[in-house]
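Engineer: Below is the structure, and that's it, no one-letter string:
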């Protein structure tokens, strides 16, 4: 009798849950989706001792000739070391002729990795440094290794989660997780489809109901996120319009992750509150910092999220709302780390990403190229297209500021004018408060003020001090 009661209670519980899911806003919905996400993303409260595997194609048309396995392995290890409480326990480079559909790696490579894990019991996770593993590949590798397996998507998501402090950043990270969750659900469906007709067929069919629940949860969750992202875009647009109304030139600083963007913005703006960090993806939020150019022209510097190669485009798409600030800048400064062995590949990746953002061609063609960390390079060979700086040693910053000012004057239609006004009078003080004053020459009771001014500045000045004066005299 007790067994029957428990049986009917379970049926009622299952029916009641599905009924509430269909017709009501289930109170535990957010908890359920977060549990699902945590499980699929392998989120850990503590860190891991990681075995890093850097696979590469040894030969053929798919071989990456722009870099080397050693350089790629170094970046992979940096990704792990960026995470708090995660450590690289060991690493391996594995050359293959092709990646396998079911297991990604061949049986020999899998056996070697499994043996290394067995020999070193302190290894608690494996990082296969590839774009993204298919669900079946994940399942097979974890079956062989008996520890969690991470790909680049999962590791970058862990880093994003650690570095997301504001609501905006957390929202963008959450949206970046959604495509991965859909791929997991599709993988589950494919696995169940393969099992139909076998002894596990009935279990597969009943489990498919669970998949439907997950799909419903994820659809609703994604809908909420997109609604919030649209609000974020509106907020960003409002901020851009506010900055535009103030008529301040905007300089967007972009670059590969950990090339020194934040350090450069701090050096150019003089903002002592900024705290650059020597790690990947230290900046997830757009931050705006005011600074003065050589002519005392005020400018706003925008620090943006860094780029990185070999991750799915879906992971970066939510951050387009952040990078749109670069699209509406007056000048873009592209920072490169010349001390990095892969600097040319990183440069090409950033340039291609910017082109994919549909940025105005005039803006793209006027990008200021900055070679940073020159103090870390011996016998540096310079080219004429870049400005060479060291943010930490404050080398080349004045030259860079002068180039930024020159570009701003060119692209914003600002003019350099000399205006003769009475010294200390309203028009004199207005020019000092509202324009960038280059120099002032005394001329008796008058001053000749050399300024950088926009067309709107000139129109306002004429309206206040020329047209009004004439109308009064009439």
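Structural biologist: Perfect, thanks for sending it. Treat the numbers as computed from the prediction; the structure is a model and nothing was measured.

Engineer: Please report the distance of the closest residue to residue 287 other than its chain neighbours from residue 251.
Structural biologist: Spatial nearest neighbour of residue 287, excluding adjacent residues (CB to CB, 6 or more residues apart in numbering): residue 303 at 4.8 Å. C-beta coordinates here come from the backbone N, C-alpha and C atoms, glycine included. Separation of residue 303 from residue 251 (CB to CB, to the nearest Å): 10 Å.

Engineer: With residue 98 instead?
Structural biologist: 45 Å.

Engineer: Tell me if residue 93 really is in a strand.
Structural biologist: Yes. Per DSSP: H, G, I helix; E, B strand; the rest coil, residue 93 lies within a strand segment.

Engineer: what's across from it in the sheet?
Structural biologist: residue 54 (DSSP bridges).

Engineer: measure stretch 434-448 end to end?
Structural biologist: 16 Å (CA to CA, to the nearest Å).

Engineer: should've said stretch 407-424
Structural biologist: Here the two ends of stretch 407-424 are set 32 Å apart, with distance taken as CA to CA.

Engineer: Report the buried residues of that stretch.
Structural biologist: Within stretch 407-424, the residues scored as buried using 16 or more other CB atoms under 10 Å are 407, 408, 409, 412, 414, 417, 419, 421.

Engineer: Distance to residue 53, secondary structure and pLDDT added to those, as CSV?
Structural biologist: Listed next are those as CSV, based on distance: CB to CB, whole Å; DSSP: H, G, I helix; E, B strand; the rest coil; pLDDT from 0 to 100:
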residue, distance to residue 53, secondary structure, pLDDT
407, 45, helix, 93
408, 47, helix, 92
409, 52, helix, 89
412, 50, helix, 87
414, 54, coil, 88
417, 63, strand, 89
419, 67, strand, 91
421, 71, strand, 90
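
Engineer: ok, so of those residues, who is nearest residue 288?
Structural biologist: Of all those, residue 408 has the smallest distance to residue 288: 15.9 Å, by CB to CB.

Engineer: How much space separates the residue lying closest to the closest one once chain neighbours are set aside from residue 273?
Structural biologist: Excluding its sequence neighbours, the residue lying closest to residue 408 (CB to CB, 6+ apart) is residue 249, at 4.4 Å. Distance of residue 249 to residue 273, computed by CB to CB: 22 Å.

Engineer: mind giving me the domain ranges of this protein?
Structural biologist: The chain breaks down by automatic domain parsing into domains covering 46-150, 248-411, 413-473.

Engineer: Out of those domains, which is closest to residue 229?
Structural biologist: Among these, the nearest to residue 229 by CB to CB is domain 248-411 (6.3 Å).

Engineer: which SSE is the closest residue in space to residue 435 that isn't next to it in sequence in?
Structural biologist: Of all residues not flanking residue 435 in the chain, residue 451 sits nearest, at 4.1 Å (CB to CB, 6+ apart). Using DSSP states H and E, residue 451 maps to strand 446-453.

Engineer: For that strand, list every residue counted as buried.
Structural biologist: Those would be 447, 449, 450, 451, 452, 453, for strand 446-453 by 16+ other CB under 10 Å.

Engineer: for stretch 336-351, same thing?
Structural biologist: 336-340, 342-343, 345-347, 349-351.

Engineer: Show me the two of the residues you listed that sit farthest apart.
Structural biologist: The largest separation in these, counting by CB to CB, is between 339 and 351 at 19.5 Å.

Engineer: can you pull the buried residues of stretch 394-404?
Structural biologist: Burial within stretch 394-404, assessed by neighbour count using 16+ other CB under 10 Å, is assigned to 395, 396, 397, 400, 401, 403, 404.

Engineer: Low-confidence stretches in the chain?
Structural biologist: 1-30, 188-210, 236, 239-240, 242-246, 277-285, 312-314, 316-326, 467-474 (pLDDT under 70).

Engineer: any chance you could map the strands in it?
Structural biologist: For the chain, the strands defined by DSSP state E cover 49-57, 87-96, 125-128, 149-150, 250-255, 287-292, 298-303, 331-337, 368-372, 386-388, 415-422, 436-443, 446-453.

Engineer: Could you save those as CSV and add columns showing distance to residue 136?
Structural biologist: Below are the strands of the chain laid out as CSV (distance: least, CB to CB, whole Å):
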stretch, distance to residue 136
strand 49-57, 17
strand 87-96, 18
strand 125-128, 14
strand 149-150, 12
strand 250-255, 37
strand 287-292, 41
strand 298-303, 40
strand 331-337, 38
strand 368-372, 43
strand 386-388, 46
strand 415-422, 64
strand 436-443, 61
strand 446-453, 62
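
Engineer: List just the one of the ones you listed that sits closest to residue 107.
Structural biologist: With CB to CB, the closest approach to residue 107 among the strands of the chain belongs to strand 87-96: 11.6 Å.

Engineer: got the angle for that closest one vs strand 49-57?
Structural biologist: Strand 87-96 runs at 20 degrees relative to strand 49-57, counting by axes from the mean of the first three to the mean of the last three CA atoms, to 10 degrees.

Engineer: residues in contact with strand 87-96?
Structural biologist: With CB atoms under 8 Å, 6 or more residues apart in numbering as the test, strand 87-96 has contacts from 47-58, 69-70, 73, 76-77, 80-81, 105-106, 109, 112-113, 116, 120, 122-123.
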